[in-house]
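Student: give me the fold of what follows.
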Amino acid sequence: MTAGTEDAPQTEAPARTSPLLARPGAVAGSGPDAGVAWHYGDPTGEQRALEAGGAVVDLSHHGVVRVEGPDRLTWLNSITSQNLLGLAPRTSTELLVLSPQGHVEHSAGVVDDGESTWLVTEGSHAPTLTAWLDRMKFALRVEITDMTDEIAVLGEPRDAEGAEGEPVTWRDPWPHTAPGGTRYGPADDEHPGAHRAWRLVLVPRAELPDAVASREAAGWRLAGTWASEALRVEAWRPRLATEVDNRTIPHELDWLRTAVHLNKGCYRGQETVARVHNMGRPPRRLVMLHLDGSGHLLPVAGAEVRLPGGEPGADDAVPTGRPVGTVTSVARHHELGPIALAVLKRSAPEDVELVVDCDGGAVAAAQEVVVPGEGVSVDRPAPRGPVARGITPRGQDAPRSMI
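Tutor: Alright, predicted model coming up:
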């Protein structure tokens, strides 16, 4: 498949533009992926190469923050969701910064090189994350620097930590449940993302073209974010720039797998994390949608997801009912076709086909459950006595009136 610029989403002005956009056939990305290539003229071939382990993706629009100083790990441990005490060099994890109410404000991949801790986040979040960290350091021996102008990020399909002598590398832990974490979705080895190898390599920004050229000389090809996003959506992997809004708590996205340590002690937002895990249920749930591609309609992020029902209009062959959620990410997968991630109300039935609004009509969408509607993690403590009205003890079915 070859796609031209007429197929590309509307492009926003990026904060910085990758030199690789000058490559022949490059089509610029948009929204959170503005500044790098959406594809280089062959999105299907690029995606196949990436899935096979033979492609590299320019992610130089991502943000990089460096934390230096002898107190860096104990300090980050005290203010974020992850247990970072004793984090060994070249060992990857991830963290969340939560609001006092437990809503996700920032996420970052974390790796320490023995002298500095590196945080990889969305490019748009790097300045605000840096500013927040700087306000929180008080008299501790830490120094925070936004390194985004000096360091670029490359994505590659390798399941390996960075080795001695290699550039700083963050290996994505998703979906393998970390020590102190838990899951709402399937077991690690049954998860759709279980075999997705992915890591981010940090290189000097001035050396970005050479770093890509060296991989191409080894037989790899350059792929765009169309490819990497399709494989991310297939793996149900939440992303800060897409799945998170101002109401998101990590339970809704099954992010307690990799980004939250439940037994590490106090940090901002910890009360909400513990309360929902131990006694409550997340108010929303992540799903993957398989979209009907027969009408060649594709929704955009932010499109409403509805229950079926009602009467079709003159130009709408799909009847729609009340809204139950919002599309967060959309991709065209080389095997699965059009797919999406969406966040739904917990009460939305799991066993119905949904409908998604599009420009020009609506499309049917079959759902794959990521976070079950019952909202109970696999390690939720058993109730010691009668539970509050609306909360169902683990292993029992909830009455419809409670959902």
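
Student: tell me the spacing between residue 73 and residue 21.
Tutor: 37 Å (C-beta to C-beta, to the nearest Å). All C-beta spots, glycine's among them, are computed from the backbone N, C-alpha and C.

Student: all helices for the stretch 1-150 of the chain, in order.
Tutor: With DSSP state H, counting those that start in this stretch, the ranges of helices along the stretch 1-150 of the chain come out as 43-51, 72-79, 126-136.

Student: and the angle for the lengthiest strand in the chain with helix 43-51?
Tutor: In the chain, taking DSSP state E as the definition, the longest strand is strand 320-333. Here strand 320-333 points in a direction 70 degrees away from that of helix 43-51 (axes from the mean of the first three to the mean of the last three C-alpha atoms, to 10 degrees).

Student: dump the C-alpha coordinates for strand 320-333 into PDB.
Tutor: The C-alpha coordinates for strand 320-333 follow below in PDB (Å, rounded to 0.1, in the frame of the first residue of the first chain):
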ATOM      1  CA  THR A 320     -27.000   5.100  17.100                       C
ATOM      2  CA  GLY A 321     -28.000   5.400  20.700                       C
ATOM      3  CA  ARG A 322     -26.800   7.200  23.800                       C
ATOM      4  CA  PRO A 323     -23.000   8.000  24.100                       C
ATOM      5  CA  VAL A 324     -21.000   5.800  26.400                       C
ATOM      6  CA  GLY A 325     -17.400   6.900  25.800                       C
ATOM      7  CA  THR A 326     -14.800   8.500  23.600                       C
ATOM      8  CA  VAL A 327     -12.200   7.200  21.000                       C
ATOM      9  CA  THR A 328      -8.700   8.000  22.200                       C
ATOM     10  CA  SER A 329      -6.400   6.500  19.500                       C
ATOM     11  CA  VAL A 330      -7.100   5.300  15.900                       C
ATOM     12  CA  ALA A 331      -4.900   3.200  13.600                       C
ATOM     13  CA  ARG A 332      -5.000   1.200  10.500                       C
ATOM     14  CA  HIS A 333      -3.300  -2.200  11.200                       C
END
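
Student: what helices and strands are in contact with that strand?
Tutor: Packing partners of strand 320-333 (3 or more C-beta pairs under 8 Å, 6 or more residues apart in numbering; DSSP states H and E): helix 225-234, helix 240-243, strand 284-291, strand 304-308, strand 337-345, strand 354-358.

Student: return the distance of the closest residue to residue 126 other than its chain neighbours relative to residue 232.
Tutor: Sequence neighbours aside, residue 63 is the residue nearest to residue 126 in space, at 2.6 Å (criterion: C-beta to C-beta, 6 or more residues apart in numbering). Distance of residue 63 to residue 232, computed by C-beta to C-beta: 17 Å.

Student: flag every buried residue along the longest strand of the chain.
Tutor: Neighbour counts using 16 or more other C-beta atoms under 10 Å place 320, 324-333 of strand 320-333 among the buried residues.

Student: as CSV, those residues with distance to residue 301 and pLDDT would be great.
Tutor: Shown next, in CSV, are the buried residues of strand 320-333 (distance: C-beta to C-beta, whole Å; pLDDT from 0 to 100):
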residue, distance to residue 301, pLDDT
320, 19, 68
324, 17, 97
325, 12, 98
326, 8, 98
327, 6, 98
328, 6, 98
329, 6, 98
330, 6, 98
331, 11, 98
332, 14, 97
333, 16, 98
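
Student: closest to residue 155 among those?
Tutor: residue 331 (15.0 Å; C-beta to C-beta).

Student: and the closest one, how close does it get to residue 288?
Tutor: Shown here: residue 331 relative to residue 288, a distance of 10 Å by C-beta to C-beta.

Student: now the common contact residues for those two.
Tutor: Shared contacts of residue 331 and residue 288, defined by C-beta atoms under 8 Å, 6 or more residues apart in numbering, comprise 233-234, 339-340.
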